[in-house]
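Chemist: Got a predicted structure plus its sequence, pasted below:
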Amino acid sequence: MLKLKPRTVSHYLLLLLVLILAACGGSSNSKSSSSSNVGNPDTGVKPGVEEGQGRTFFIAAGPNATTQMVLAMISAKPKDVIEFGEGYFELSSGIQISGTENILVKGQGMDKTVLSFKNSGSQEGFLATTVRGITVQDLTVLDSPGDAFKLQGVDHGTLRRVRAFWSSGRNTANEDTVTADNYKTKLHVACTDPARHNPDNPNPLEMDTTSPDYNVSKLSGRYGVYPVNSKNILVEYVESVGASDAGIYVGQTDNAIIRNSRAAFNVFGFEIENVRGGEYVDNLSECNTGGFLVYDLDGLTRYGSRTRMYRNTSRNNNTYNFAEPGSIVSNVPRGTGMLTMGYDKIDIFDNTFEDNGTAGIVHTSYKLFGVPGDRRLDLYSEGVHIWNNTFKNNGNDLPSPDFASIIDTGGEQVTSAFPMLIGLKMVAGTGEYRGAHIAWDGYVDEYNADCPYPTDGNGNPVPADAEGKPISGNQYPNPSCRYNAYKFNEAGERKNPQWWYSCIDESNNFDSDSATFANFHGTEGLEALLYLPPQGPEDLIDIVTSLPNFPVDTDITPHLCDDAYGSNMAPLPAIVIPEFVPSGAIDPAPSDALVDQLCNASVAAGEVNEAAYQVNCPRLDQYQLFSDPQDPMSLPNGRGVPFVLNTKLFSDYSTKYRVAYIPKDEQAIYRDGNDNANAAILFPVGTILAKTFAFTDEANKKETAVETRLIIKRETSGGQVYWDGLEYVWTEENGKKIAKLTQQGGVVSARWDYRDVNSGDHYQGSTDAYVLPNANQCQSCHANDDAETGSAPIGPKARNLNRPFSSESPLPTGIDKHAVNGRNQLVYWCQNGLMKNCPTDLRLDAATQYLKAVERNPIFNIPGDSGFESGSDKDVEARVRSYLEVNCAHCHNPRGLAQNTGFYLDVFRSVNDTFGICKGPTASGSEGRGGREYDIVPGNAAESILPYRLGPEATTLAARMPPIARSTVHAGAFDLVTKWINEVVDDSYDNADACKSSSGTGGAMCLPGEIPALGGTCIPAGSL
């Protein structure tokens, strides 16, 4: 990748100096501060739970707070309340609520209950997944490593009177840490004088690099409030300060209202992304880089439309952009009051935009920021209706290019020069160097008569909305062209005003202190300017005024829709969140007496205590799963059958023992990838799947069991089935080994020294950070939208079980005596009454004992196990894909916890943009991307995010993947993935050309002798 030459940076510096010397324009340093109505009482949508109807778990500040909190969130049932007392809490684990409904989490007030996560082992401060009806209110989440509040797959989620906050200068040498002694004063941050310039910039003329109010940091967490892939979301009386991406965000969601909230000193204050039906009302955005964002991001499961933005104030959003270079929001220039891109149907009315240095509203498209490879995405924002707003002092303090980001990205990210471009075009058109109240890039599309309507994988048309626009997403194939016929009539004429870009009504109040409107024609004329570097101010003015199509167009009349088209855009309907109705499908917690009765039932020797599946027994031996209750590697009792996977989830080199206990007179049901990519074997109610994690010392013939995890399939009184995850930790009492229920999890030390039974590789090492997950963390991996509720099985899929059983351990154990040993596992289950609906063709390959007619993932570390020539490109790719599916795809699939990323790793999909080829990350944050731009860069593993997150450079929690299962690097897998990207993935892969121009960078990967320019183009380096 070509780095910027010193003369390129010098050119930008010279151009900046010329502009300063020419004194073309002014600046605005607003010193006033605004207050919001954050914290006022609510009279609106009802919360998902009412107090007093269930149990209350009270958590007091102190050394036991984390344990109390974890036990409360695991035990929570419908109508329960988790209540934090007053004070400052130091918590070592995040709050996670999963797979339940009608829960209230509350504190005593935003200023009275402060939950600090600065030393937490969880990325999020608060995380709710697959929950119906949850309200969080009256507390502050402080210094979370990742997102402060995240809601994933939530129906009816309310965040009320909560604050997300990161200490000023978070994780820098100058951090002003919020502590128990100072939080009562430090949490209140005014907006008087934001830092306008990046302190890392190599520009001695930029002195305004700190703020007396608050200093931002790209090492803060990503999102303050982050509901995603959800519906019916209400955010009110909320505050976010310091997020390195967006302060208050809602994404890929149906029905979302954000109201009466404040965002300050975030990159973007408020963000609506890929939302169908959003509303901003009565919010205050100040001292961010950008105030409000409404846009569609490419490569995701859905694209949005219909957002109403009214009675908001966007003021003084002039903080320099401190996002990680290369991320989508790092393209946003400081001083942006509101920005829309690639999103249709926005009503903007009764708002105030003031003191924003670049523009009050920036209306742009992906044509400016870089065209993505996803052709399901419309590049333009259309149907933007702007009326009855007040605009004051906008566009009078244009930022200079961010040289630090330009240099840091090797010249790829040059979009920080966008405000300078507007200023130069304004000079050419008006004689003044400034922005405007409203700035539009002027890009429009023409009718593409040759582009057919997009189809699904079966060749059928994808769904369409009432206006004929495809309702698309990455679940459909990427078409060969961008369909846009719905915008045009039969004569190929645009349907105006409904598919015009914006209607700007005469009812707006534009102060004369600023230019009203600027159509700056994108990047037209920029290349010519760069070919002719000016020698001084006079040269600059002469050049820019003479370039064709370069001067700004200030004519607003095409946007006065009543006059221009005889009608206006119809107002959008209000967003309505329906009242929450409990399902009643989740039973209350069982009594202690019932637990005691079932767990201590008398059962014959060699039999499993099957009745106890209904409850969580305090000790593992009470289920009577193993012939030796002190040894989970002994022969299973009852119908227990050991099983092993072709490629397993890596967990710090632990050896695993898996056993399936299918109840008497019951059978599992065979399913495979023909059902869906996430389809595992379907087990009957009462099934217990046990997985023991042990560490092996082969030389001393010793194996130490650390934990045994159970997932149990249960059924509610209403007939709904679900899976519960239980964590048992092994210890010793009175000279006997015993495993106790430890739902709060923990961290232990581990050591290993053995040879892998597949590859023969010698594994030797240790860790002091082996994680024992808490019960709710099970659902982080096991919960998928298309799977049974709770911690459903993900490992026992037909393609993982198609092999003869043999233990993972090099040491002999009692489990080796089971009849399945040495036999194909699927055949054994089918022939011994454990599974029905089996394949009719059970023929085995004589050499491998693999079923010939059944899908199969290869063992990742055995070359040639894929069936392709050993070490060939196909063999390497098949083994990599097997590893990535087992270790990543449980979350990275369209129905998993990471569905919002658009990065999916099941073995059935093509290796294209959704598999990471030249795909920019969606929500990885600074640490999660490690300065890299794309998940997979063909031929360049060093610049790819995927191997970075698996490898030794990813040392922090926010960077490491998977986030729960490992504390060490799986060296063999890292080497194989690196080899695949460097030696197999090349420019022939679908979407490989998107690394040259992507919405994630806005720049270009240019050929030798070229450098990138705005708009995803390349120009000769010598031109500068």
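Modeler: Perfect, thanks for sending it.
Chemist: next one: stretch 460-470 to chain centre, how far?
Modeler: Chain-centre distance of stretch 460-470: 27 Å, with Cα atoms, centre = their mean, to the nearest Å.
Chemist: and it, which residues are buried?
Modeler: Neighbour-count burial for stretch 460-470 flags Val462, Lys469, Pro470 (criterion: 16 or more other Cβ atoms under 10 Å). C-beta coordinates here come from the backbone N, C-alpha and C atoms, glycine included.
Chemist: Can you classify Tyr883 as helix, strand or coil?
Modeler: For Tyr883, the secondary structure call by DSSP: H, G, I helix; E, B strand; the rest coil comes out as helix.
Chemist: Which residue is the nearest non-sequential neighbour of it?
Modeler: Nearest residue to Tyr883, sequence neighbours excluded (Cβ to Cβ, 6 or more residues apart in numbering): Phe860, at 4.1 Å.
Chemist: for Gly584, same thing?
Modeler: The nearest residue in space to Gly584 (Cβ to Cβ, 6+ apart) is Gly718, at 6.3 Å.
Chemist: OK, contacts around the one you found?
Modeler: Counting by Cβ atoms under 8 Å, 6 or more residues apart in numbering, Gly718 makes contact with Gly584, Ala585, Asp587.
Chemist: Can I get these in CSV including secondary structure, distance to Ala798 and neighbour count?
Modeler: Converted to CSV, these look like this (DSSP: H, G, I helix; E, B strand; the rest coil; distance: Cβ to Cβ, whole Å; neighbours: other Cβ atoms under 10 Å):
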residue, secondary structure, distance to Ala798, neighbour count
Gly584, coil, 35, 13
Ala585, coil, 30, 15
Asp587, coil, 33, 14
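Chemist: just to revisit the earlier point, count of residues packed around the residue nearest to Tyr883?
Modeler: 29 (other Cβ atoms under 10 Å).
Chemist: Also Pro479?
Modeler: Pro479 has 18 neighbouring residues, counting by other Cβ under 10 Å.
Chemist: tell me which element it falls in.
Modeler: Using DSSP states H and E, Pro479 sits in no helix or strand.
Chemist: go on, Asp542?
Modeler: helix 537-546.
Chemist: Now the buried residues of stretch 460-470 in TSV, please, with extra columns for secondary structure, distance to Asn496 and pLDDT.
Modeler: Converted to TSV, the buried residues of stretch 460-470 look like this (DSSP: H, G, I helix; E, B strand; the rest coil; distance: Cβ to Cβ, whole Å; pLDDT from 0 to 100):
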residue	secondary structure	distance to Asn496	pLDDT
Val462	coil	26	95
Lys469	coil	16	96
Pro470	strand	21	95
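Chemist: residue boundaries of the helices in the stretch 351-500 of the chain?
Modeler: 366-369, 403-408, 418-430 (DSSP state H, counting those that start in this stretch).
Chemist: and of those helices, who's closest to Gly335?
Modeler: helix 418-430 (7.0 Å; Cβ to Cβ).
Chemist: Does anything pack onto that closest one? Which helices or strands?
Modeler: Counting contacts by 3 or more Cβ pairs under 8 Å, 6 or more residues apart in numbering; DSSP states H and E, helix 418-430 is packed against helix 6-22, strand 436-440, strand 517-519, helix 537-546.
Chemist: Just give me how far it sits from the chain centre.
Modeler: 36 Å.
Chemist: can you list contacts of the helix or strand just after the helix holding Asp542?
Modeler: Next along the chain after helix 537-546, taking DSSP H and E as the criterion, comes helix 561-565. Contacts with helix 561-565, where a contact means Cβ under 8 Å, 6+ apart, come from Asn496, Pro497, Trp500, Cys503, Asp505, Thr557, Pro558, Ser567, Asn568, Met569.
Chemist: Tabulate the CA atom coordinates of helix 561-565 in PDB.
Modeler: Only the C-alpha atoms of helix 561-565 are listed here, as PDB (Å, rounded to 0.1, in the frame of the first residue of the first chain):
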ATOM      1  CA  CYS A 561     -40.800  21.800  -4.100                       C
ATOM      2  CA  ASP A 562     -44.100  23.500  -4.100                       C
ATOM      3  CA  ASP A 563     -42.900  25.900  -6.700                       C
ATOM      4  CA  ALA A 564     -40.600  23.500  -8.600                       C
ATOM      5  CA  TYR A 565     -43.000  20.500  -8.800                       C
END
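Chemist: in it, what counts as buried?
Modeler: For helix 561-565, by 16+ other Cβ under 10 Å, it's Cys561, Tyr565.
Chemist: taking the mean pLDDT, what do you get for the next helix-or-strand element following it?
Modeler: Moving toward the C-terminus from helix 561-565, the next helix or strand (DSSP H and E) is helix 592-599. Mean pLDDT, computed over helix 592-599, is 94.
Chemist: List of residues touching helix 592-599?
Modeler: Asn609, Ala611, Ala612, Gln614, Val615, Asn616, Cys617, Pro618, Arg619, Gln622, Tyr623.
Chemist: Any figure for the gap between the fourth one and Thr415?
Modeler: When Cβ to Cβ, to the nearest Å is applied, the distance between Gln614 and Thr415 equals 58 Å.
Chemist: do Gly735 as well
Modeler: Taking Cβ to Cβ, one finds Gly735 at 68 Å from Thr415.
Chemist: which one of those two has more residues nearby?
Modeler: Shown here are Gly735 and Thr415; by other Cβ under 10 Å, Thr415 has more neighbours (26 against 5).
Chemist: Isn't the more buried one up against Thr336?
Modeler: No. Using Cβ atoms under 8 Å, Thr415 is not in contact with Thr336; the gap is 12.0 Å.
Chemist: tally of neighbours for Gly224?
Modeler: 33.
Chemist: Secondary structure class of it, three-state.
Modeler: Going by three-state DSSP: Gly224 is strand.
Chemist: and it, what does it touch?
Modeler: If you count contacts by Cβ under 8 Å, 6+ apart, then Gly224 has 147-149, 164-165, 240-243, 246-249, 263, 266 around it.
Chemist: So which of those residues is the closest to Asn549?
Modeler: Distances from Asn549 to the contacts of Gly224, taken by Cβ to Cβ, are shortest for Ala246, at 34.5 Å.
Chemist: what's the neighbour count on that closest one?
Modeler: By other Cβ under 10 Å, 30 other residues sit near Ala246.
Chemist: Repeat that for Ile859.
Modeler: Neighbourhood size, Ile859 [other Cβ under 10 Å]: 20.
Chemist: picking up where we left off before, for the helices of the stretch 351-500 of the chain, which one sits closest to Ser870?
Modeler: That would be helix 403-408 among the helices of the stretch 351-500 of the chain, by Cβ to Cβ, at 41.5 Å.
Chemist: related to what we said a few turns ago, of the contacts of helix 561-565, buried ones?
Modeler: Buried among the contacts of helix 561-565 by 16+ other Cβ under 10 Å: Asn496, Pro497, Trp500, Cys503, Asp505, Pro558, Asn568, Met569.
Chemist: so which helix or strand takes in the fourth one?
Modeler: Going back to what we said before, that points to Cys503. Assessed by DSSP H and E, Cys503 sits inside strand 502-504.
Chemist: other SSEs contacting that strand?
Modeler: Judged by 3+ Cβ pairs under 8 Å, 6+ apart, the packing partners of strand 502-504 are strand 384-387.
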